[in-house]
Each structure stands twice: as structure tokens, then as C-alpha cells.
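Enquirer: Let me see the structure of the following:
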Amino acid sequence: QVQLVESGGGLVQAGGSLRLSCEASGRTLENYSMGWFRQAPGKEKEMVAAVSWTGNTKNYGDAVKGRFAISRDNAKNTLFLQMTSLKSEDTAVYFCVASQTFGDLVIEGGTKSRTIWGQGTQVTVSS
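Expert: As a prediction, the model looks like this:
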């Protein structure tokens, strides 16, 4: 059974940066696409970014394009999200996800039963 554990969240001022990490344990996620979703209070979950197994294909939500960068280190079973120019509207719980296809994340929005979710890490941006 795979577990995803996020880290790196916290409180940051607007305009600042944070780097989130997600470590997978239990077994390798070979050929899995991975990504980040977020959920702000009172709002639905939204996809932030996704990356294919090879890292060659990436997709970003419109709200974070040009500010966030997703990457992965398959040798270490770790996913990253570099967040820059943070805004108060980026405040949310950020979830790491993994699924067997890229489409599971960017089209199905992580709703497939086979999609694996982490517990989330809080990011708070103060204005």
C-alpha cells in the first residue's frame, strides 16, 4: 500500500516562496503520474499542477501558471512543488496525489478510485 506524505507547508508573507515535498512510501510509483491539488476553506478542490512519470509532460492550473513549478525525483520517490510570488488566494491545504494516468489528474480531477491522496499540508499566505 502506498502512502504519500507532504511536508514544507507553513506561513509565509505575500510575495514569498515555499517548497512543498511529497514522499511516497510503501512501494515505488513506477509509471504513475503525480500532482498537487489544493482546497481553500469553502471551496472545492482544484488541480494545481501535475507531472507525468517521465517528467516530460506537465500541466498547471491557470491560477498558478508562471509562479509554481512541479518536479519529481523518481529515484527518491519524491514530488516537489516550488511556489513563488505567493498570494493570499494561494492559502489552502495542499494535497499530493498519484494515479496511473495523467488524465486521472488533469481530466478526472483526481476523482478516480485508484487515485492515491496524501493527508495534506497547510499553506497560509498573509497579506
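
Enquirer: What is the neighbour count of Ser25?
Expert: 11 (other Cβ atoms under 10 Å). Placement of C-beta: from N, CA and C, glycine included.

Enquirer: Was I right to think it contacts Thr78?
Expert: No. Between Ser25 and Thr78 there is no contact under Cβ atoms under 8 Å: 10.3 Å.

Enquirer: Which residue would you name as the spatial centre of this protein?
Expert: Trp36 (1.7 Å; Cα atoms, centre = their mean).

Enquirer: quick one, helices of this structure?
Expert: In the chain, the helices defined using DSSP state H lie at 102-106.

Enquirer: low-confidence ranges in it?
Expert: Scanning the chain for pLDDT under 70 picks out no residues.

Enquirer: Thr91: what's it in contact with?
Expert: By Cβ atoms under 8 Å, 6 or more residues apart in numbering, the contact set of Thr91 is 40, 123-125.

Enquirer: Quick check: of those, which has the highest neighbour count?
Expert: Within those, Val123 tops the neighbour count with 22 neighbours, counted by other Cβ under 10 Å.

Enquirer: tell me which residues form a beta bridge with it?
Expert: For Val123, the residues forming beta bridges with it (DSSP bridges) are Gly10, Ala92.

Enquirer: quick one, what contacts it?
Expert: Applying Cβ under 8 Å, 6+ apart, we find Val123 in contact with 9-10, 12, 18, 20, 38, 83, 86, 90-94.

Enquirer: same question, Ala92
Expert: Contacts for Ala92 (Cβ under 8 Å, 6+ apart) come out as 38-40, 43, 122-123.

Enquirer: What is the nearest of those residues to Tyr32?
Expert: For these, the closest approach to Tyr32 (Cβ to Cβ) belongs to Arg38, at 19.7 Å.
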